[in-house]
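A.B. asks: here is my input; please provide its structure:
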Amino acid sequence: MSAALTTRQINAIRAALGKHSFTPLEVAQLDYHVIRHTQGLGPKSIAGIRQWLLEAGQAVGHWQHDDCHSQRERRRAQRIAQAIALLERHGYSVIEPRKG
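C.D. replies: All right, here's what the predicted structure looks like:
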């Protein structure tokens, strides 16, 4: 099954490249951060573009998967740890919630 780009993906790539027509090579040469921050592209759209590029024979290894979810989870864990440390510093006891 071949991956075809959706209209939204095409329009977002056009905006990122600043031109109406483009080739898979031009898209593959874009920095991953440019694609990730392009308006109209989410994780599913980016995955579709990756698939389209792979089927077109373009290498996309430089498109790192520093998934925003993993960064978000890491920031969340840091903030929770900071909050716990602050509470404990002011005399509160913090216990883990019961599971199940």
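A.B. asks: how about the nearest residue to Arg36, chain neighbours excluded?
C.D. replies: What sits nearest to Arg36 in space, not counting adjacent residues and going by CB to CB, 6 or more residues apart in numbering, is Ile46, at 6.7 Å. All C-beta atoms are positioned from the backbone trio N, CA, C, and that covers glycine.
A.B. asks: what helix or strand is the residue lying closest to Ala3 once chain neighbours are set aside on?
C.D. replies: Sequence neighbours aside, Gln51 is the residue nearest to Ala3 in space, at 4.1 Å (criterion: CB to CB, 6+ apart). Element membership for Gln51 (DSSP states H and E) is helix 43-55.
A.B. asks: what do you get for Pro97?
C.D. replies: Using DSSP H and E, Pro97 falls outside every helix and strand.
A.B. asks: burial count for Ile80?
C.D. replies: Neighbourhood size, Ile80 [other CB atoms under 10 Å]: 11.
A.B. asks: and it, how close does it get to Lys99?
C.D. replies: 16 Å (CB to CB, to the nearest Å).
A.B. asks: again with Ala3
C.D. replies: From Ala3 to Lys99 the distance is 41 Å (CB to CB).
A.B. asks: over to Leu25?
C.D. replies: Distance from Leu25 to Lys99, by CB to CB: 51 Å.
A.B. asks: more neighbours: which of the two?
C.D. replies: Neighbour totals were compared for Leu25 and Lys99, and Leu25 leads with 11 against 4 (other CB under 10 Å).
A.B. asks: check what pLDDT the more buried one gets.
C.D. replies: Turning to Leu25, the model gives it a pLDDT of 93.
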